[in-house]
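Colleague: Provided below for reference: sequence and predicted model.
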2 protein chains.
Amino acid sequence: MPQARVVIPIAYARQKIRHCSACAMAALCLPADLSVEDIARLESLLGNRRRLKRGQHLYRAGDGFDALFAIRNGFFKTDVLNEDGRDQVTGFQMAGELLGLDGISSTRHTCNAMALEDSDVCVIPFSSLEHAAREIEGLQRNLMKLMSREIVRDHGLMMLLGTMRADERLAAFLLNLSQRFMARGWSPAEFHLRMTREEIGSYLGLKLETVSRAFSRFHDEGLISVQQRHIRILDTSGLRGMLGGR
Amino acid sequence: MPQARVVIPIAYARQKIRHCSACAMAALCLPADLSVEDIARLESLLGNRRRLKRGQHLYRAGDGFDALFAIRNGFFKTDVLNEDGRDQVTGFQMAGELLGLDGISSTRHTCNAMALEDSDVCVIPFSSLEHAAREIEGLQRNLMKLMSREIVRDHGLMMLLGTMRADERLAAFLLNLSQRFMARGWSPAEFHLRMTREEIGSYLGLKLETVSRAFSRFHDEGLISVQQRHIRILDTSGLRGMLGGR
DNA sequence: CGATCGAATTGACCCGCATCAAGGAGTGTG
DNA sequence: CACACTCCTTGATGCGGGTCAATTCGATCG
């Protein structure tokens, strides 16, 4: 067991040599479209990697903000909690996506980020990133694009929460997951949900029972097959047809 | 009437001399905390001002993106429209706030921005802004903070849409407006709504009848007085108590 | 000053989803 | 292997807000 203490730093050191340039997710992440030299610059400012076990928090609302996190692999949820105890899942994040953008607005994080499976993130100290972004044109642009994309994504979710009925919401959710898995080279048709029905419900503004019933209905209609958290999409266009199926 | 054609360009030219440094909203806007010299730099890259009549669009979804807009005075709504014709108001913006951040993620805007009263905005060409942000540290930071603040704001709205009941939503809406008016030195207790019940409803994920009924209920309970669009808040803490009044 | 038109209010009814409750499936533990 | 625990499914019931419809209010205009 004392060995672990020795082994881990070595592993870190080795990992630190090749960060982005060896990362399968680079194209979806901050380094997108940067030149080899600029990627090297970016790598030089990265902090250590950080590993999280399922259920661990990467950060919590109120924690000081000093770094962004790029998911190397794993799966996260973010949620906000308000005064009266209600909480709302604001997103599920997967490899290649950035966590912590909410913290830039002040000196503290405003939401919680929790690993839904054992995960691995790159720590990007924000002050170094800011500094580098002033010198690397493409980096500044990428960072702003990522933030803007987050804003656009949020608008889509508002649309979902404000105008859609339960099964439209779930169909949109599944199609979104499917598409993001596909963008990562994974199967778009068959995947394992890493979140509970309750977390899906919180994200979609529904109760867990409603989510469960909608899953069963999709199953009965032959759109998907569901076994607990294992999902197989059988009829993508059928699912797509549910949107606006008002 | 031909006179107007002559007068307007002159007015523009005169306005261009002093932008941020003479603007009452500077503290809430991009120049916040910048030095006098940096503000001068920022002013030098501003485009013309642009005036809009009530009902005019500043931009529409699909329009090319090349500038941000800072509201000098007036009032806007932004909304997104999806394939099947439903739309969702994503925000109401007032003096000192920035419009167009959604466009950064691609080369096009993804939502519509419409003036709800005669308004006046500063045009900020984005490529110049990006360039200046690389040289002016505080400017880059302010821009990122504004984007991050937008993300945090959106999370709050998701919470509202995902977990609150109708009158909580309306109470939160009124308190938010009130606070923003106060931050601008206007009355927090008495104001004129610039949007219809239907637009409020779209923003809050409710139908216009529900919004109207909630207003009437608040009125009957002595929390506010309502006459069409004129609102007077009579009991702020009462309103606040409605949140989480499950 | 009456006519017209969009916006807001109010009422009656109904439906989708929340709520409450019971039981089943899967997983880890002593 | 029994037990506990969490997560999921399914049913019964009720309510909040959607829907449809009628009326009123206020502004604009001939």
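Modeller: That came in fine, so what should we check first? Numbers count the residues shown, from 1 in each chain, chains lettered A, B, ... in the order given.
Colleague: Pull the contacting residues for the residue nearest the centre of chain A.
Modeller: The structure's chain A has its C-alpha centroid closest to residue A:93; by Cα atoms, centre = their mean the separation is 1.0 Å. Neighbour list for residue A:93: A:71, A:75-78, A:99, A:113 [criterion: Cβ atoms under 8 Å, 6 or more residues apart in numbering or on different chains]. Any C-beta I mention is one placed from the backbone N, CA and C, and that applies to glycine too.
Colleague: quick one: it from DNA strand D, how far?
Modeller: With the distance defined as Cβ to the nearest atom of the strand, to the nearest Å, residue A:93 ends up 18 Å from DNA strand D.
Colleague: Per-residue pLDDT of that residue, please?
Modeller: The score at residue A:93 is 98. That number is its pLDDT.
Colleague: Phi and psi next, for it.
Modeller: Note on residue A:93: its backbone torsions stand at phi -120, psi 140 [degrees, to the nearest 10].
Colleague: would you turn the contacts of residue A:93 into a markdown table with neighbour count and distance to DNA strand C?
Modeller: Below are these laid out as a markdown table (neighbours: other Cβ atoms under 10 Å in any protein chain shown; distance: Cβ to the nearest atom of the strand, whole Å):
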| residue | neighbour count | distance to DNA strand C |
| --- | --- | --- |
| A:71 | 24 | 23 |
| A:75 | 21 | 17 |
| A:76 | 25 | 20 |
| A:77 | 22 | 18 |
| A:78 | 25 | 20 |
| A:99 | 22 | 26 |
| A:113 | 27 | 23 |
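Colleague: Quick check: residue A:43 touching residue A:21?
Modeller: Yes - applying Cβ atoms under 8 Å as the test, residue A:43 and residue A:21 come out as touching, 6.7 Å apart.
Colleague: These two - which one has more neighbours?
Modeller: Legend: neighbour count by other Cβ atoms under 10 Å in any protein chain shown for residue A:43 and residue A:21, higher for residue A:43 (18 against 13).
Colleague: Skip the chain neighbours and tell me the closest residue to the more buried one.
Modeller: Excluding its sequence neighbours, the residue lying closest to residue A:43 (Cβ to Cβ, 6 or more residues apart in numbering or on different chains) is residue A:19, at 4.5 Å.
Colleague: and the one you found, how far is that from residue A:123?
Modeller: Taking Cβ to Cβ, to the nearest Å as the measure, residue A:19 falls 10 Å from residue A:123.
Colleague: what do those two both touch?
Modeller: residue A:46.
Colleague: re the thing from before, what's the distance between the residue nearest to residue A:43 and DNA strand C?
Modeller: Residue A:19 is 32 Å from DNA strand C, where distance means Cβ to the nearest atom of the strand.
Colleague: mind listing what that residue touches?
Modeller: For residue A:19, the contact set (Cβ under 8 Å, 6+ apart) comprises A:43, A:46, A:122.
Colleague: Same check on residue A:163?
Modeller: B:86-88, B:205.
Colleague: Which ones among the contacts of residue A:19 lie within helices?
Modeller: residue A:43 (DSSP state H).
Colleague: which one of the contacts of residue A:19 is nearest residue B:238?
Modeller: Closest approach between these and residue B:238, by Cβ to Cβ: residue A:122, at 48.3 Å.
Colleague: host element of the nearest residue to the closest one once chain neighbours are set aside?
Modeller: Spatially, and ignoring its direct neighbours in sequence, residue A:122 is nearest to residue A:70 (4.4 Å; Cβ to Cβ, 6+ apart). Here residue A:70, judged by DSSP states H and E, is contained in strand A:67-73.
Colleague: swap in residue A:219?
Modeller: Here residue A:219 is assigned to helix A:208-220, by DSSP H and E.
Colleague: Return the distance of residue A:93 relative to DNA strand C.
Modeller: Going from residue A:93 to DNA strand C by Cβ to the nearest atom of the strand gives 24 Å.
Colleague: Buried residues, stretch A:210-221. List them.
Modeller: Using 16 or more other Cβ atoms under 10 Å in any protein chain shown as the burial criterion, the residues of stretch A:210-221 that qualify are A:210-212, A:214-215, A:218.
Colleague: In chain A, which helix is the longest?
Modeller: The residue-count maximum for a helix in chain A (DSSP H) belongs to helix A:137-163.
Colleague: Could you point out the helix or strand that follows it?
Modeller: Counting by DSSP H and E, the next helix or strand C-terminal to helix A:137-163 is helix A:166-183.
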